[in-house]
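Colleague: Kindly return the folded structure for what I paste below:
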Amino acid sequence: MSLKESIIAELKHEAESTRKLLERVPSDKFDWKPHEKSMSLKSLATHIANLSRFAGIIASTPYLDFAEGGLIKPEINNTSDLIHELQTGIQTSIEALQSVTDEDLKQNWALKNKGHVIFELPKAVAIRNVGMNHIYHHRGQLSVYLRLLDVKIPGMYGPSNDEMAQAGF
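Modeller: I've put the predicted structure just below:
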């Protein structure tokens, strides 16, 4: 399996877990925050869904400069919008990855703000760091938000305690 094929396989696999979690986000609690310094539930869930585009952005560009724009800021009004953004981002990322070679993924990519380089890494490393691990980190946060709201948590790497309890274990 090539490098790009392994990245695509992981994106597809993890998108399913992310989808299951985002489906549980209650729209009527979008403004809720566990702490005044925390993101709102809507902001966190939107960020997770929007991060699904980053693997494609990284694969298809030499850099991203926040000051130049280039990030799509989706209109999110409900849980269905979150799922749509996730699915669109994953599909866009997969298409971008399918159009590059493993050699392309060894080329450097930079994240910038107003020309200032925040970091520069090989594209494959940046995809793993910004496009994937970043989602997993925030997915963990979202599962805590949902738990605090007494929302049943889906299993991501095997059944969750909620699923085990429902099954009678």
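
Colleague: Buried residues, the worst-scoring helix or strand of the chain on mean pLDDT. List them.
Modeller: Ranked by mean pLDDT, DSSP states H and E, the weakest helix or strand in the chain is helix 161-166, scoring a mean of 85. Within helix 161-166, not a single residue qualifies as buried, counting by 16 or more other C-beta atoms under 10 Å. Every C-beta, even on glycine, is put in place using the N, C-alpha and C of the backbone.

Colleague: Quick one: residues in contact with that helix.
Modeller: K152, I153, P154, G155 (C-beta atoms under 8 Å, 6 or more residues apart in numbering).

Colleague: This protein: helices as residue ranges?
Modeller: For the chain, applying DSSP state H gives helices covering 3-22, 41-51, 54-60, 79-98, 123-126, 134-148, 161-166.

Colleague: worst average pLDDT in those helices?
Modeller: Comparing mean pLDDT over the helices of the chain, the weakest stretch is helix 161-166, at a mean of 85.

Colleague: Buried deepest among the helices of the chain, which one?
Modeller: Across the helices of the chain, the average number of neighbours (mean count of other C-beta atoms under 10 Å) peaks for helix 54-60, which reaches a mean of 24.

Colleague: tell me what that helix is packed against?
Modeller: For helix 54-60, the packing partners by 3 or more C-beta pairs under 8 Å, 6 or more residues apart in numbering; DSSP states H and E come out as helix 79-98, helix 123-126.

Colleague: what angle sits between the first one and helix 134-148?
Modeller: Orientation check (axes from the mean of the first three to the mean of the last three C-alpha atoms, to 10 degrees): helix 79-98 against helix 134-148 gives 160 degrees.
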